[in-house]
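A.B. asks: Sharing a model that was predicted from the sequence below.
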Amino acid sequence: MVREASIAYATAKAAMEFHGLGVTEHTQGTFTVQLISDLAMITGNVGKPGAGVNPLRGQNNVQGAADMGAQPHQGAGYLDVTNPEINSKYKSFYGSDVVPSHIGYKIPEMFNEALNGNLKALWIIGEDVVQTDPNTQKVIKSLESLDMLVVSELFMTETAKLATVLLPSSSFLEKEGTFTNGERRIQRVQKVVEPLEGTKPDGQQVADMMNRMGYKQADYTAAGVLEEISQIVPFFAGVKWDELGDNGKQWPVAPDGTDTQMLHTETFKRGKGAFTYFDWKESQEIEKHGKDFPYIITTNRELEHYNCGAMTRRTGNVEILTEDVLMIHPEDASKEGIQDGEFVCVESPRGKVDIKAKVTDEVKPGILSSTFHFPEIMLNNITSDEHCTEAMCPEYKVVACRIRKSKGKFKQMAEAMA
């Protein structure tokens, strides 16, 4: 099968590759993406119609966040914050002498440094890290170690419950801005309803905070922010709010407004492509714990719900999918004496959760799978700190665990529901 697929991909006139979080949520996730890129270059599947490497983002504006410098080693436009020339450019543009020139913390490092006492305050905008990040109890302990936790949110999430200061936010329907998708398409988001009383768009919250901290800032508008971005981010040079139209534009956008529908038709930014090779390595999770925890659980998402479910659990979708369940292969269910619909205890070196079993051949023997949409289960109590060595993306796809029938109230609940 692998050989046939390889030949089909290599001999096609044009072939596209798509990958999602199942590729990146491993300790070698970044390396895997590099190898996928190698395949595309080797077979000539770059820079022509119907070809290319296409990462399917986990959220609808991940690309836009990266473009705007959300990663701690880069500023807006993927510019290196440690480069003195770049740093000088930022200082001159913003009229400030305190633009940082060091690499900041990525999320797992933030939690570690909070526990070590080196990170004192954190502002989280629209992310429920308590429910979605791995090793839940460590995350909670980290947030509780802070002197101050500010959370901007729509709803009272598990993370918002721990906030020192909670800033009520407006939803995307109540503000204007842009989403940038995986094909680099910058699309307008139009406000269709007024914000609820007492809430503000996160952009305005940031502007208010800057003003209170002594950096004069105009009120947030999408047009105003895009004008600022166009002056500092080279590939946004010609992006103007009023010219995005209904379908948006694909960056790079030249100063005259011309966008770029296809990249790398002649060359790469670096010139020729650079091939890389990395040996496959067993996950540290399996090496450390595989003997005592012989099953692997991998987390996934269901169509009806979105990530932690903070929004979708407040819609009619919750009537379609009402709970997280554990998918288990019939062979494993038989071996462990587990019936479909029974509550089972899933235990890892970090902790345990009780969850209803779904016996199915959708997973292979030895592999378990579940979602983490519902806070009643808090599945990430059992996921690990292992993460991609480069991007530090958590290894949600490989978690060593063991299973057994649940005891006590969970067994009674299962019997009552049956």
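C.D. replies: Sure thing, it's come through.

A.B. asks: Counting neighbours, what do you get for Pro294?
C.D. replies: Residue neighbour count, defined by other C-beta atoms under 10 Å, stands at 13 for Pro294. (Glycine included, C-beta is placed from N, CA and C.)

A.B. asks: need the helices for this structure, in chain order.
C.D. replies: 2-11, 21-24, 29-42, 62-67, 84-94, 107-115, 129-132, 136-145, 202-212, 222-232, 284-289, 317-320, 330-336, 409-417 (DSSP state H).

A.B. asks: so which of the ones you listed comes closest to Leu167?
C.D. replies: Nearest to Leu167 among the helices of the chain is helix 202-212 (5.5 Å), distances taken as C-beta to C-beta.

A.B. asks: Tell me which residues are up against that closest one.
C.D. replies: Applying C-beta atoms under 8 Å, 6 or more residues apart in numbering, the set of residues contacting helix 202-212 from outside is 125-126, 152, 167, 169-170, 175, 177, 200, 216-220, 225.

A.B. asks: Check what pLDDT the residue most central in space within the chain gets.
C.D. replies: With distances taken as C-alpha atoms, centre = their mean, the residue of the chain nearest its centroid is Gly58 (5.4 Å). In this model, Gly58 is scored at 77, pLDDT.

A.B. asks: Please apply the same query to Val98.
C.D. replies: Turning to Val98, the model gives it a pLDDT of 84.

A.B. asks: With Gln412 instead?
C.D. replies: The predicted local confidence for Gln412 comes out at a pLDDT of 48.

A.B. asks: ditto for Pro375
C.D. replies: Confidence per residue is given as pLDDT, and for Pro375 that number is 89.

A.B. asks: any idea how far it lies from Cys308?
C.D. replies: Here the criterion is C-beta to C-beta, to the nearest Å. By it, Pro375 lies 8 Å from Cys308.

A.B. asks: More neighbours: these two, which one.
C.D. replies: Cys308 (24 against 18).

A.B. asks: and this protein, what are its domains?
C.D. replies: 2-55, 62-250, 284-417 (automatic domain parsing).

A.B. asks: Among these, show me which one is buried the most.
C.D. replies: Each of the domains of the chain was assessed for mean neighbour count using mean count of other C-beta atoms under 10 Å. The highest is domain 284-417, with a mean of 18.

A.B. asks: how about the residue nearest to Phe111 when sequence neighbours are not counted, what does it touch?
C.D. replies: Of all residues not flanking Phe111 in the chain, Ser142 sits nearest, at 3.9 Å (C-beta to C-beta, 6 or more residues apart in numbering). By C-beta under 8 Å, 6+ apart, the residues touching Ser142 are Met110, Phe111, Asn112, Ala114, Leu115.

A.B. asks: if we take those residues, which one ends up nearest to Thr265?
C.D. replies: Thr265 has its nearest neighbour among the contacts of Ser142 in Met110, at 39.6 Å by C-beta to C-beta.

A.B. asks: check contacts around the closest one.
C.D. replies: When contacts are counted by C-beta under 8 Å, 6+ apart, Met110 touches Leu119, Leu122, Ser142.

A.B. asks: Between those, which sits nearest Glu4?
C.D. replies: Glu4 lies nearest to Ser142 out of the contacts of Met110, by C-beta to C-beta, at 47.2 Å.

A.B. asks: how near is the closest one to Glu285?
C.D. replies: As for Ser142, its distance to Glu285 is 20 Å (criterion: C-beta to C-beta).

A.B. asks: one step back: between Pro375 and Cys308, which contacts overlap?
C.D. replies: Residues touching both Pro375 and Cys308 by C-beta under 8 Å, 6+ apart: Gln131, Glu158.

A.B. asks: remind me which residues of the stretch 251-400 of the chain are low pLDDT?
C.D. replies: In the predicted model of the stretch 251-400 of the chain, no residue satisfies pLDDT under 70.

A.B. asks: can you give me the strands for it?
C.D. replies: Using DSSP state E, counting those that start in this stretch, the strands of the stretch 251-400 of the chain run over residues 295-299, 325-328, 343-348, 351-359, 367-370, 399-405.

A.B. asks: From the chain's centroid, how far away is stretch 17-37?
C.D. replies: 14 Å (C-alpha atoms, centre = their mean, to the nearest Å).

A.B. asks: first vs last residue of it, how far apart are they?
C.D. replies: Counting by C-alpha to C-alpha, to the nearest Å, you get 9 Å between the two ends of stretch 17-37.

A.B. asks: Same check on stretch 43-59?
C.D. replies: Separation of the first and last residues of stretch 43-59 by C-alpha to C-alpha is 30 Å.

A.B. asks: Over to stretch 254-272?
C.D. replies: Start and end residues of stretch 254-272 are separated by 23 Å (C-alpha to C-alpha).

A.B. asks: Of all the residues in that stretch, which ones are buried?
C.D. replies: Within stretch 254-272, the residues that count as buried by 16 or more other C-beta atoms under 10 Å are Asp259.

A.B. asks: Next, the contact list for Asn87, please.
C.D. replies: Counting by C-beta under 8 Å, 6+ apart, Asn87 touches Val81, Val99, Ser101.

A.B. asks: returning to that earlier point: what would the strands of the stretch 251-400 of the chain look like in a markdown table with distance to Gln187?
C.D. replies: Supplementary listing: the strands of the stretch 251-400 of the chain in a markdown table, determined by distance: least, C-beta to C-beta, whole Å:
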| stretch | distance to Gln187 |
| --- | --- |
| strand 295-299 | 29 |
| strand 325-328 | 35 |
| strand 343-348 | 40 |
| strand 351-359 | 37 |
| strand 367-370 | 33 |
| strand 399-405 | 36 |
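
A.B. asks: re earlier: now render the contacts of Ser142 as JSON lines, adding distance to Pro294.
C.D. replies: Output for those, formatted as JSON lines (distance: C-beta to C-beta, whole Å):
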{"residue": "Met110", "distance to Pro294": "33"}
{"residue": "Phe111", "distance to Pro294": "28"}
{"residue": "Asn112", "distance to Pro294": "29"}
{"residue": "Ala114", "distance to Pro294": "33"}
{"residue": "Leu115", "distance to Pro294": "30"}
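
A.B. asks: ok, so of these, who is nearest Gln250?
C.D. replies: Each of these was checked against Gln250 using C-beta to C-beta; the closest is Met110, at 32.7 Å.

A.B. asks: For that closest one, give its distance to Trp123.
C.D. replies: Taking C-beta to C-beta as the criterion, Met110 is separated from Trp123 by 11 Å.

A.B. asks: Same check on Gly351?
C.D. replies: Here the criterion is C-beta to C-beta. By it, Gly351 lies 28 Å from Trp123.

A.B. asks: contacting residues around the nearest residue to Gly309 once chain neighbours are set aside?
C.D. replies: Residue nearest to Gly309 in three dimensions, not counting chain neighbours: His373, with 3.9 Å by C-beta to C-beta, 6+ apart. Taking C-beta under 8 Å, 6+ apart as the contact definition, His373 lies against Arg301, Glu302, His305, Tyr306, Asn307, Cys308, Gly309, Thr312, Arg313, Leu321, Asp324.
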